[in-house]
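In: Take a look and give me a structure for this.
(2 chains)
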Amino acid sequence: MEKLISRFFEIPSAHKLSVYLEQGGFEAAKRALKNMKPEEIESEVKRSNLRGLGGAGFPCGMKWSFVPRNTGKPIYLVVNADEGEPGTFKDKYIMTYVPHLLLEGMILASYAVGIHKAFIYIRGEYEEPCVRLQAAVNEAYEKGYLGKNIFGTSFNLDVVVHRGAGAYICGEETGLLESLEGRKGYPRLKPPFPAVVGLFGCPTVINNVETLSYLPFIVNRSADWFAGLGTERNGGMRLFSVSGHVEKPGIYERPLGYPLRNLIEDAGGIRLRRGDPSGRPYKLKAVVPGGLSAAVLRADEIDVKMDFDSLKTIGSMGGSGGVIVMDETVSMVGALQITMQFFAHESCGQCSPCREGTGWIYRILNRVVSGKGRPGDIQNLLDIGAYLGGTTICALADGAQMTFLSYLKKFRSEFEEFIGGNVIPKGTYANA
Amino acid sequence: MLTLKIDGKEIAVDKGTTIIRAAEKLGIFIPNYCWHPGLSIAGNCRMCLVEVEKMPKPQIACHIQCQDGMVVNTQTEGVKKLREHILEFLLVNHPLDCPVCDQAGECWLQDYYMKFGLYNSRLNEKKVKKSAKARPIGPTIMLDSERCILCSRCVRFADEITKTSEFGIFNRGDHSEIGIYPGRELNNKYSGCVADICPVGALTDRDFRFKCRVWYLQKTESICPGCSRGCNITIEANLERPHHGHGERVMRLKPRYNDEVNDWWMCDAGRYGYKSIDHDRITEPIVRLNGVLKTADWSETISSLLKVFKELLKTSKDEIAVLISSDLTNEEIYLARKLFIKELGLDRVHLVRSRGEGDQDELLIRADKHPNRKGAEWVGFEENEKSIRKLLDDCIADKLKGLVIFGQDLVSLYPDRNVADILHKLELSVFIGSNHNLTSEQVQFALPAATYAEKNGTFTNFEGRVQRIRRSLVPLGESKSELEILMLFADKFGFNWNYKNEEAVFEGLKRSVSFFGGMTYEKIGKQGIKGNV
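Out: Predicted structure coming up:
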């Protein structure tokens, strides 16, 4: 299978500009700036069916088209490099191993929309990727690939690398903007959407690292070729971060619509029983297909195609492409407990349902895990969960709700058994 | 204009109107916590969620703007369930300490729960412990973060109205807490307002806490006399349970909405300036005889006072002076003019300040600390500092024999003159005022007057807006309003005035002064009206 972005991960020192150039780097940007009109790039991206790969899967070209061009205000590009979704580590790879690819994508996006100032908001914990990225930005400036008159054209673009402070909510695009502006990362009320009123009150394009990194391929090859890689409305490929109980966890670049079963097999399949002479693998129990916020899938659901629409059809989501594989040794009660610990810890605390609901659910699960569950707990959890999502400013609670209810509904018997027996299950990360 | 339907009722609104505002116009109540018409929209409490047809999720009525043809439902089973659950969420970490909470009775959590609540507790978990329980965050406000629902109204108030930004929300998720930034305290000129806008018992007024349960309060609409702004207020008095107030009747003042004057706010100086209503009052007429102060009854005081007055009128009319105050109502100033100038023919009737200029800001506070200077000016008085100094000099030079003072503390106001000695030299010195001060102790006759909370009348603010004060309490002790005192004088002088009440005096005033022409008490109403200029 052809690799696009991930090809660079195997090339030594591809993070350096010289190596990136040897590999044909910045050709797309040069050609676009010299020979293409901004509108052409936008229409190419629309035709490529490139979806937002940060999690929402919103069509990239359409997002750009919402940006008003004649407000008299500057338009900003903000790169969402916060990558906080548990189980996701693709952007980290891009920024560590081929940061110039991102910069090239940024030049293309900026040229298409008419942007001259871009910010990369990078997750605070990503120290090495940040160092690599900043070095790449410096190199690009020296070479004249950023700053004024890029490639000798009249196009200017300044890039600022901004480190976050480690809050999940700052990956939500408006929370990110607040944080970038120097305030607490509280997501904003919408409308207005950032395309119209974004950073510092100006029209703003917010794209994920991976989304932008596919732009050079689209410009270099063609929109039709890219669209043809994926399914009907899900163009191209994406980087799946496969983790958990597989033999070879890591980044797997596959076309959208690639079956989950094959993806798990590509990752070496479910882990083997070490020391067991039979060498039989463990049995698959559950898979989180698109980062922690996506509804969990049972073992019998893994024939699903890994594109945004197919996953939505079965009640989950493509999300960030973080695939977490869980084998039979995992207690779903314990897994849900730590999942909800995450959401309770990362809720910004702005909206009442999310602030109080995530924490409440987590504390109920704590009690259940510590062996003090009561028969009515499951029904209560379902009731509380029903009002957790769909009622808040941002999608954090929606994600928490989706994943939470999927555990309870798909593995209800395990919860019932557990509460009935009141035993601490194997594999639980109880902190009680 | 665009048209939409809320609960089946059609309404036309301007573009940009939010659903909650449109519903308000229709008389449809949508419960809310974080939304406040005077502050930016936060949209965090989620209490105002309603269903909008063709929208997949419930929408917050405080933020979503009306669209033409929109159909909004606020009374569906779905909305009711939402409200139940939002309230349930808000109470997850709330201490439910209503029996000892001073907000009880005016708490929006209590009120909404009675109306929209779940009535079926499912909470078995321990609550998250918050750091501040009854912690003073400044001279006026007590913080209890356990009770806080994090609506951020106080944060927005300090950011947007006072622009002092003392408040922040610290920590995340259900550990979030309202607090004051390190090294600071809540000590701005409008700090008391955060207790007004806090919908729950998280921010309470240190001055009012535990003085009186709110349901015992009797509320009267009035005007703050603290400066020339004339902020609309409500006087809240405890008359039912006098033992709760330790003899104090007025428990607190609250700002009353008037978008022409003070919006929803009032300053702390005005808010806590009510103490003089129940403290240091002159409750009986006081007469000084041979240097000894004695209380007396009204009739004997008035008759001995008038005996001297009439004598002076006969012998040395131009040696009598009257000091009118801008603390008096329009009606009183009018009657004073009528009595002293028109009927008695005195020349030396001056408008004299009661206090010096104070601070001023761009929000509400005015440097002129008199409530009715504009009114006094329209009735025909102008303040002239020179003439009062000349007056005092005349006293020293034995060129003045009688002086009637309406509350001014001349001893404190003119420390460079020995006012006490001057007063002792006079043949007649009368003080008409509500509270003791250094001057009231030096005069021959001190007559107890009512405070603004004990009388009816009108004040004219610095912009020429005529607004009504209303009697909230009966005058303390033997005190009488200046209006009654002036009418008593007139009666004893033998003038046949026959004013039934303040309103009748106002009728006379408006015939005499065109500025007030066409006004009636009814027209002035609760929000006041501007005079004719």
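In: Which parts of the stretch 101-250 of chain A are helices?
Out: With DSSP state H, counting those that start in this stretch as the criterion, the stretch 101-250 of chain A has helices at A:127-143, A:173-180, A:209-213, A:215-220, A:223-229.
In: actually the stretch 301-450 of chain B, sorry about that
Out: Going by DSSP H, counting those that start in this stretch, the stretch 301-450 of chain B shows helices at B:330-336, B:373-379, B:385-396, B:410-413, B:419-425.
In: Put the alpha carbons of the second one into PDB.
Out: Once side chains and other backbone atoms are set aside, the C-alpha atoms of helix B:373-379 remain, and they are given as PDB (Å, rounded to 0.1, in the frame of the first residue of the first chain):
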ATOM      1  CA  ARG B 373     -29.800  70.600  43.900                       C
ATOM      2  CA  LYS B 374     -31.400  70.900  40.500                       C
ATOM      3  CA  GLY B 375     -34.800  71.000  42.100                       C
ATOM      4  CA  ALA B 376     -33.800  73.800  44.400                       C
ATOM      5  CA  GLU B 377     -32.400  75.700  41.400                       C
ATOM      6  CA  TRP B 378     -35.600  75.300  39.500                       C
ATOM      7  CA  VAL B 379     -37.700  76.500  42.400                       C
END
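In: Contacts for it, please.
Out: B:228, B:324-326, B:328-330, B:333-334, B:337, B:351, B:383, B:458-464, B:466, B:509, B:513, B:515-516, B:531 (Cβ atoms under 8 Å, 6 or more residues apart in numbering or on different chains). Where you see a C-beta, it was placed from the backbone N, CA and C, and this is true even at glycine.
In: Which of the residues you listed are buried? Put it as a PyMOL command.
Out: Command for PyMOL that selects the buried part of these, burial taken from 16 or more other Cβ atoms under 10 Å in any protein chain shown:
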select buried, chain B and resi 228+324+325+326+328+329+330+333+334+337+351+383+458+459+460+461+462+464+466+509+513+515+516+531
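In: Go over the secondary structure and confirm residue A:418 is in a helix.
Out: Yes - under DSSP: H, G, I helix; E, B strand; the rest coil, residue A:418 falls within a helix.
In: Please state the offset of stretch A:342-350 from the chain centre?
Out: Between the centre of stretch A:342-350 and the centre of its chain there are 18 Å (Cα atoms, centre = their mean, to the nearest Å).
In: Do any residues in that stretch lie close to chain B?
Out: Yes - applying Cβ under 8 Å from any Cβ of the partner chain, one finds stretch A:342-350 touching chain B at A:344-350.
In: and that stretch, average pLDDT?
Out: In this model, stretch A:342-350 has an average pLDDT of 97.
In: What of stretch A:184-192?
Out: 95.
In: Stretch B:347-359 too?
Out: Across stretch B:347-359, the average pLDDT comes to 94.
In: what does it rub up against?
Out: Residues contacting stretch B:347-359 (Cβ under 8 Å, 6+ apart): B:189, B:227, B:318, B:320-327, B:336-337, B:340-341, B:365, B:367-370, B:373, B:376-377, B:381-385, B:387-388, B:391, B:407-409, B:413.
In: out of the residues of stretch A:342-350 next to chain B, which is most surrounded?
Out: Each of these was scored for neighbours by other Cβ atoms under 10 Å in any protein chain shown, and residue A:350 scores highest at 31 neighbours.
In: That one - that's part of a strand, no?
Out: No - secondary structure assignment (three-state DSSP) places residue A:350 in coil, not in a strand.
In: Look up how far residue A:386 lies from it.
Out: Distance of residue A:350 to residue A:386, computed by Cβ to Cβ, to the nearest Å: 21 Å.
In: Which pLDDT value belongs to the closest residue to residue B:380 other than its chain neighbours?
Out: Excluding its sequence neighbours, the residue lying closest to residue B:380 (Cβ to Cβ, 6 or more residues apart in numbering or on different chains) is residue B:337, at 6.0 Å. Here, the pLDDT recorded for residue B:337 equals 97.
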